[in-house]
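Novice: Got a predicted structure plus its sequence, pasted below:
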Amino acid sequence: MQYLMMLYADEAGFAKVPPDQLEKVMADFNAFTNEVKEKNVYVGSNRLQPVGSATSVRVRDGKTMTTDGPFAETKEQLGGYYLLDCKDLDEAIGYAAKIPGALWGTVEVRPVWGM
């Protein structure tokens, strides 16, 4: 089953990370990505542009409305994701715990409902 692992963190705080620490963090993410690829559970992943580039879309009474930024006010913003093909939720949680962003943010694990 595929699981989407959504990485949430405080975007403003992440922007303040010193360059040497950021380099280490990116190396940790690369190591995790290589691990899940080697174990053949990797389906895809991407880092997202800052939340200020987001547009929320709603349709009400047949009218499309857009809002700059995310719809909900939150302390953490969605910054990226991994899509992994795991045998069960326990395996997915095990991988989510290895994602470096779990050390300072939140990794939401959600099964994908295949279409």
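Specialist: Looks like it arrived, so ask away. Everything numeric in this text was worked out from a predicted model, so none of it was measured.
Novice: Can you classify residue 87 by secondary structure?
Specialist: Following DSSP: H, G, I helix; E, B strand; the rest coil, residue 87 is assigned to coil.
Novice: what's the pLDDT at it?
Specialist: With respect to pLDDT, residue 87 scores 97.
Novice: mind checking how far it is from residue 69?
Specialist: 37 Å (Cβ to Cβ, to the nearest Å). Placement of C-beta: from N, CA and C, glycine included.
Novice: Give me the more crowded residue out of those two.
Specialist: residue 69 (14 against 9; other Cβ atoms under 10 Å).
Novice: where does this structure have low pLDDT?
Specialist: 70-73 (pLDDT under 70).
Novice: where along it do the strands fall?
Specialist: For the chain, strands defined by DSSP state E occupy the ranges 2-9, 42-47, 55-60, 63-68, 77-85, 106-111.
Novice: quick one: residue 105 and residue 6 touch, right?
Specialist: No. Using Cβ atoms under 8 Å, residue 105 makes no contact with residue 6, being 10.1 Å away.
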